[in-house]
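>>> for reference, the sequence and a predicted model appear below.
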Amino acid sequence: MSERPANLTPPTAELHVHIEGTLEPETIWELATRSSIELPYEDIDDLRSRYRFEDLQSFLDLYYQNMQVLVTAQDFADMTSAYLQRAAVAGVKHVELFFDPQAHMARGVELTTVVDGIFSALAESTERYGMSSSLIACFMRDRDPAEAMHVLQQLLEMEAPVIGIGLDSAERDYPPRLFEEIFALARSNGLRLVAHAGEEGPADYVRQALDVLRVERVDHGVQSLADPELVARLVREQIPLTVCPLSNVALRGVPTLAEHPLPAMLEAGLKISVHSDDPAYFGGYVDTNYTAIQGVFGLSREQLAQLARNAVDSSFISPSRTRELHGEIDRWLAE
Ligand code: HPA
Ligand code: ZN
């Protein structure tokens, strides 16, 4: 965990964080012990040594394996509480938290266990930390879209406290258009729409996410840069892209942070914001992402504030909460 004072980085909105990706090795160990689950690691150091990846799939293999320690609603609540505590230190004032229902249901965990556990902790974020929060259910691209449809129907029937849906997991060879019906149903039920696209997949998947799924925000989107026409459209329409610099380096989307296209994306006028993705796995929470890009690119406090304003403006909060958060960013800038 970072020891930096939070005021080096701006107050911000975290819009791209997978709650299951906040499971630190120590927590995995504790939860496994609590539920007498045998993990395929010798000890915590052995587990920690596996946190190095070749690509998205090599990460996902470990990410899904480690989730087996999540069994009871209390497990989900404890994971979420631990995240909120760390996020508050990172300066997160609003979070739109992703979770992967199918990854748990496929292991025999009930959907209500997952949702109730996460939400019971999330419901305390305002009182405990002054942090507004909401929940987004992500569907897995590498599972049958019919299963995603069934899970969405269950979420709707149980009136789950989710504000929207997303799309994640392995990207290559799983084009967004496979999920058209699911997104259409979510939309007609008033849910907000986001999707991972252009993380490892081609720029055309970003286009499909916009035109077929009709998403309001694109997660990652960095591969859009290969397509100047798409970039021009993203700039013109000010489509939000949630960029995760440390994730892109960890999963080798870019060789080093210094080669990350973030400065070029800012220069192009894209509406980008900075997020942590799977902070326990990729080397840090949102504050660490900010300090890392500040260190490498020498961004000014005004540029960091602009990234934070973009995050706030890309979120699904009310106009009054947006004004409050802009005020917090202005105060940080004046410090
Ligand atoms: N990419 C795609 N799917 C994911 C990720 C990611 O970084 N993290 C959790 N699910
Ligand atoms: Zn992600």
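Okay, I see it. Ligands and ions are numbered 1, 2, ... in the order given.

>>> use CA for all of it now, contacts and neighbours both
Noted.

>>> and the host helix or strand of residue 331, what's buried?
Residue 331 belongs to helix 319-334 when assigned by DSSP states H and E. Buried residues in helix 319-334, counting neighbours by 16 or more other CA atoms under 10 Å, are found at 322, 325, 326, 328, 329, 330, 332, 333.

>>> now those residues as TSV including distance to ligand 1 and pLDDT?
What follows is the buried residues of helix 319-334, written out as TSV (distance: CA to the nearest ligand atom, whole Å; pLDDT from 0 to 100):
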residue	distance to ligand 1	pLDDT
322	27	99
325	27	98
326	28	98
328	29	98
329	27	98
330	31	98
332	29	97
333	30	96
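
>>> what about the strand or helix carrying residue 128, average pLDDT?
Secondary-structure assignment from DSSP H and E places residue 128 in helix 125-129. Within the predicted structure, the mean pLDDT of helix 125-129 is 98.

>>> can you list the residues that contact it?
When contacts are taken as CA atoms under 8 Å, 6 or more residues apart in numbering, the neighbours of helix 125-129 outside the stretch itself are 84, 85, 88, 131, 132, 133.

>>> kindly report the same for stretch 90-104.
Contact partners of stretch 90-104, identified using CA under 8 Å, 6+ apart, comprise 6, 9-20, 64, 67-68, 110-111, 114, 130-140, 148, 151, 166, 285-288, 315, 325.

>>> does ligand 1 sit close to it?
No: Stretch 90-104 lies apart from ligand 1 when judged by CA under 6 Å from any ligand atom; the minimum separation is 7.7 Å.

>>> please save the CA atoms from that stretch in CSV.
Presented in CSV, the C-alpha positions along stretch 90-104 are these (Å, rounded to 0.1, in the frame of the first residue of the first chain):
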residue,chain,number,x,y,z
ALA,A,90,-6.8,7.1,-2.6
GLY,A,91,-9.1,10.1,-2.8
VAL,A,92,-12.0,8.3,-4.4
LYS,A,93,-15.2,10.4,-3.8
HIS,A,94,-17.5,8.4,-6.0
VAL,A,95,-17.2,4.8,-7.3
GLU,A,96,-19.1,2.8,-9.9
LEU,A,97,-18.0,-0.7,-9.0
PHE,A,98,-17.9,-3.6,-11.4
PHE,A,99,-18.6,-7.2,-10.4
ASP,A,100,-18.8,-10.4,-12.4
PRO,A,101,-22.0,-12.3,-11.4
GLN,A,102,-21.3,-15.2,-13.8
ALA,A,103,-17.9,-15.9,-12.4
HIS,A,104,-19.5,-16.7,-9.1
